[in-house]
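**Student:** Next come a sequence and a model predicted from it.
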Amino acid sequence: MDRLFGRGELRVLARGDDERDRSYSLNRSRAVRSTPSGRACRILNQSIADCLDMQSQSRQVAWMLAGPGHRSERMLLAKAVALIEQQVDQLGRRIVELGGAVEGSVRQVAARSGLNEHPAAADDVAAHIESVVLAFGLVSGAMREDCGELSALGDETSRKVLGRTAEQFTHCHERLETLLSAMREAALPINSGDLRRAGDQRP
């Protein structure tokens with residue numbers, strides 16, 4: 001997974017098999033780019049985009065776990081989705097406090113997110129969980145790096161907000177990793193076909 005926004009670019013994944021990946025500059029006006037608060041807002045908006053993309057992917061995985069044997073996995077993913085929503089609210093409020101505009105619409109998130117597309121066609125459920133594990137690891141790691149830049153900008157309040165979010169996501173990442181390890185050790189015979197059939201059998 002690529003994350004290039006620190007250099008003013010973001011990898012935007014191709015929307016079709018015959019399209020090439022494209023990189024877009026996310027720089028705004030010189031006035032915004034030259035102010036510490038403007039840069040802080042940009043960092044926080046990037047985090048919001050990554051978070052909301054990660055949230056939608058977590059929901060997608062929860063939907064894939066349609067079988068009755070995956071209640072604990074669905075509950076963990078539901079907690080992850082709720083956690084992301086809570087932390088995004090904190091990030092959004094901080095942007096407004098800085099006088100910036102929150103960029104969290106579906107199209108803005110799609111253009112900004114540093115995450116790869118979720119492998120929706122994967123047959124192995126563990127592959128779906130692994131994708132979410134990787135997303136939490138990537139996002140929390142990037143946030144920790146961004147905390148250093150926010151400190152350099154002199155914005156300790158934003159650093160604390162983002163740092164708490166990174167810490168929460170790190171804990172969630174660890175729980176998801178534990179879940180993934182347990183699934184692999186159990187060698188559960190689960191695939192997308194099994195899940196669809198299990199879902200059809202639900203009352």
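**Tutor:** Perfect, I can see it now. Numbering: from 1, shown residues only.

**Student:** Going by C-alpha atoms from here, please, whenever you check contacts or count neighbours.
**Tutor:** OK.

**Student:** Show me where this structure has its helices.
**Tutor:** 30-33, 36-64, 71-97, 106-112, 125-152, 156-186, 192-200 (DSSP state H).

**Student:** For those helices, give me a markdown table that also has mean neighbour count, distance to residue 118 and mean pLDDT.
**Tutor:** Below are the helices of the chain laid out as a markdown table (neighbours: other CA atoms under 10 Å; distance: least, CA to CA, whole Å; pLDDT from 0 to 100):
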| stretch | mean neighbour count | distance to residue 118 | mean pLDDT |
| --- | --- | --- | --- |
| helix 30-33 | 12 | 32 | 40 |
| helix 36-64 | 23 | 6 | 93 |
| helix 71-97 | 17 | 15 | 94 |
| helix 106-112 | 16 | 13 | 93 |
| helix 125-152 | 20 | 7 | 93 |
| helix 156-186 | 17 | 16 | 92 |
| helix 192-200 | 15 | 15 | 44 |
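
**Student:** Pipe those helices into CSV and attach distance to residue 119 per row.
**Tutor:** Below are the helices of the chain laid out as CSV (distance: least, CA to CA, whole Å):
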stretch, distance to residue 119
helix 30-33, 35
helix 36-64, 10
helix 71-97, 17
helix 106-112, 16
helix 125-152, 7
helix 156-186, 16
helix 192-200, 12
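
**Student:** Leaving out chain neighbours, which residue sits closest to the residue nearest the centre of the chain?
**Tutor:** For the chain, the residue nearest the mean C-alpha position is residue 54 (2.7 Å; CA atoms, centre = their mean). Once flanking residues are discounted, residue 54 sits nearest to residue 135: 6.4 Å by CA to CA, 6 or more residues apart in numbering.

**Student:** Check residue 94 too.
**Tutor:** Residue 94 sits nearest to residue 158 (CA to CA, 6+ apart), 6.8 Å away.

**Student:** same deal with residue 95?
**Tutor:** residue 41 is the one closest to residue 95 (CA to CA, 6+ apart), at 5.5 Å.

**Student:** which residues sit in contact with the residue nearest to the centre of the chain?
**Tutor:** Contact analysis of residue 54 by CA atoms under 8 Å, 6 or more residues apart in numbering lists 115, 132, 135, 136.
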